[in-house]
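# What follows is a predicted structure for the sequence shown.
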Amino acid sequence: MNCDELKAILNRGEDSNHQFKVNYKSIDKLAVEISAFANSDGGMIIIGVSDACELIGVSKQDVSRLNQQISNATTNKIDKQIFVKTEILVCDDKRVLIILVPRGSNKPYTVNRVDVWVKSGADKRRAPIEEILRLAQSSGILYADESETETSVNDIDLDFFKARYHTYYQEQIERLEIPIETLFVNIKLMKDAKLTLAGLLLFGKNPEFVKPQFGIKATYFEGCEISGQRYKDSENIRGKLIDQYLDGIYFIKRNLRRIQGNQNFNAPGMLEIPEETFSEIIANAIVHRNYYIDSSIQINLFDDRLEINSPGNLPNTLNEENIKFGVHIERNPIILYFLEKDTKFRYSGKGTGIPRVIKLCEDAGIKTQFTDDRQKQRFSVIFYRRG
């Protein structure tokens, strides 16, 4: 960084990625600030700046002391070590110390083994338990689909499960000679006599009665904006995950136009957006959404575009760019494991899905957009319809 870049940052003021401080006397306060950045998207702490965003500088003695405090904070005060970088910059004869904190890959980071802090705009706050769970999930420490639900073996759709088990493993359950409860525990669909979330959503009789928030809300709006209650088609899609997947695809297909292209005049025509593309994105949403967020997947169709919104951000170090190259992290491994085996669930998986969607859309002349909205806790894929 040079002085012009620093002054431009100071001129903009503090935000979720930049924090200004006159100085630090307390290691605990320094640890809180560093951990909050690491638990969020990373950022920069600039020491030697007043509350009015003016350079006031720090002494050489302060720099020496602060470097020692940074070392102590990141190794002794924060439970998992964070490797920060520091930079000294002299502008207008004022010395500033810049701490560059990376986005953490081993969240959540706690201070003194007690508090978890996250950034909230230019400020910070203690994270509630729900957010701590999401942080742990983003690092692969915890999986929502393995969490217990208030359901038991009696809530299993046993005939459905038996049929699927036979298809998956070419084996009859009756020949296993073990109780169904033991089988469910062994394959992580049950824990402590309760169905896990994966067990409920994959094989439950009526998962929507227990977890109604984990469905799909599909709407075809009039025009190009969400406005009031004016829509052309709407459906709350519930049930087992495989049924949600199939019904979500059907909702889109029945509302898209068909284009004749180079086909024979009597042929039914091709969908304006290839089915393989939006079916892959719905599959991605179902297996990779954040099940610690009590919200539905949204399919929003407008006159100019199709939007598929998945609750939660991309996990860990994934972003809108590296997913295009097939970088892949599993968020709900049990759900993914079983749905990948289902012949009705057309999912490329293993990181190949998004590159394939992009290629298919490019070939069809369809513009796409991928957005990881960290403020709204939502990952969105937009397909722009051909006029």
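Thanks, I have the structure now. Numbering: from 1, shown residues only.
# Would you mind giving the domain segments of this protein?
With automatic domain parsing as the criterion, the domains of the chain are listed as 3-127, 145-209, 216-384.
# Can you add distance to residue 137 and give those back as TSV?
Heads up, the C-betas are built off the backbone N, CA and C, glycines and all. Formatted as TSV, the domains of the chain follow (distance: least, CB to CB, whole Å):
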stretch	distance to residue 137
domain 3-127	9
domain 145-209	10
domain 216-384	6
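# could you dump the ones you listed to CSV with distance to residue 136 and mean neighbour count?
Shown next, in CSV, are the domains of the chain (distance: least, CB to CB, whole Å; neighbours: other CB atoms under 10 Å):
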stretch, distance to residue 136, mean neighbour count
domain 3-127, 6, 17
domain 145-209, 11, 17
domain 216-384, 9, 17
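# So for residue 134, which of those domains sits nearest?
Ranking these by proximity to residue 134 (CB to CB) places domain 216-384 first, at 4.7 Å.
# Same question for residue 161, what's its three-state structure.
Under the three-state scheme (DSSP: H, G, I helix; E, B strand; the rest coil), residue 161 adopts helix.
# Excluding chain neighbours, what is closest to it?
Leaving aside its sequence neighbours, residue 161 sits nearest to residue 203 (CB to CB, 6 or more residues apart in numbering; 4.5 Å).
# now swap in residue 67 and tell me
residue 86 (6.6 Å).
# That neighbour: what secondary structure?
Look at residue 86: counting by three-state DSSP, its state is strand.
# ditto for the one 3 residues further on
Assigned by three-state DSSP, the conformation of residue 89 is strand.
# close enough to count as contact, it and residue 100?
No - using CB atoms under 8 Å, residue 89 is not in contact with residue 100, being 11.9 Å away.
# residues in contact with residue 137?
Going by CB atoms under 8 Å, 6 or more residues apart in numbering, residue 137 touches 143, 144, 290, 292, 315, 331.
# Please report how far the most centrally placed residue in the chain lies from residue 293.
For the chain, the residue nearest the mean C-alpha position is residue 313 (2.5 Å; CA atoms, centre = their mean). Plainly put, residue 313 is 10 Å away from residue 293 if you go by CB to CB, to the nearest Å.
# who touches both of those two?
Common neighbours of residue 313 and residue 293 (CB under 8 Å, 6+ apart) are residue 377.
# coming back round to it: isn't the residue nearest to residue 67 up against residue 68?
No - using CB under 8 Å, residue 86 is not in contact with residue 68, being 11.5 Å away.
# And the helices in the stretch 101-250 of the chain, which stretches?
For the stretch 101-250 of the chain, applying DSSP state H, counting those that start in this stretch gives helices covering 129-138, 158-169, 180-186, 197-203, 207-210, 241-255.
# Could you export these as TSV, including mean pLDDT and distance to residue 76?
Converted to TSV, the helices of the stretch 101-250 of the chain look like this (pLDDT from 0 to 100; distance: least, CB to CB, whole Å):
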stretch	mean pLDDT	distance to residue 76
helix 129-138	78	21
helix 158-169	92	49
helix 180-186	93	40
helix 197-203	97	37
helix 207-210	95	44
helix 241-255	97	45
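# show me where pLDDT drops low in the stretch 201-350 of the chain?
Applying pLDDT under 70 to the stretch 201-350 of the chain picks out residues 228, 260-268, 315-329, 349-350.
# give me that answer again for 80
Residues of the stretch 201-350 of the chain meeting the criterion pLDDT under 80: 227-229, 260-269, 313-330, 348-350.
# if we can go back for a sec, for the residue nearest to the centre of the chain, which residues are in contact?
Counting by CB under 8 Å, 6+ apart, residue 313 has contacts 138, 290, 372, 373, 374, 377, 378, 379.
# Quick one, grab the pLDDT at residue 178.
We have a pLDDT of 88 for residue 178.
# what residues are up against residue 130?
By CB under 8 Å, 6+ apart, the contact set of residue 130 is residue 292.
# what about it, distance to residue 294?
To residue 294, residue 130 is 9 Å away according to CB to CB.
# isn't there a strand covering residue 379?
Yes - membership of residue 379 in a strand is supported by three-state DSSP.
# What residues are bridge-paired with it?
residue 310, residue 372 (DSSP bridges).
# roughly how far out does stretch 15-28 sit from the chain middle?
Mean C-alpha position of stretch 15-28 versus that of the full chain (CA atoms, centre = their mean, to the nearest Å) differs by 28 Å.
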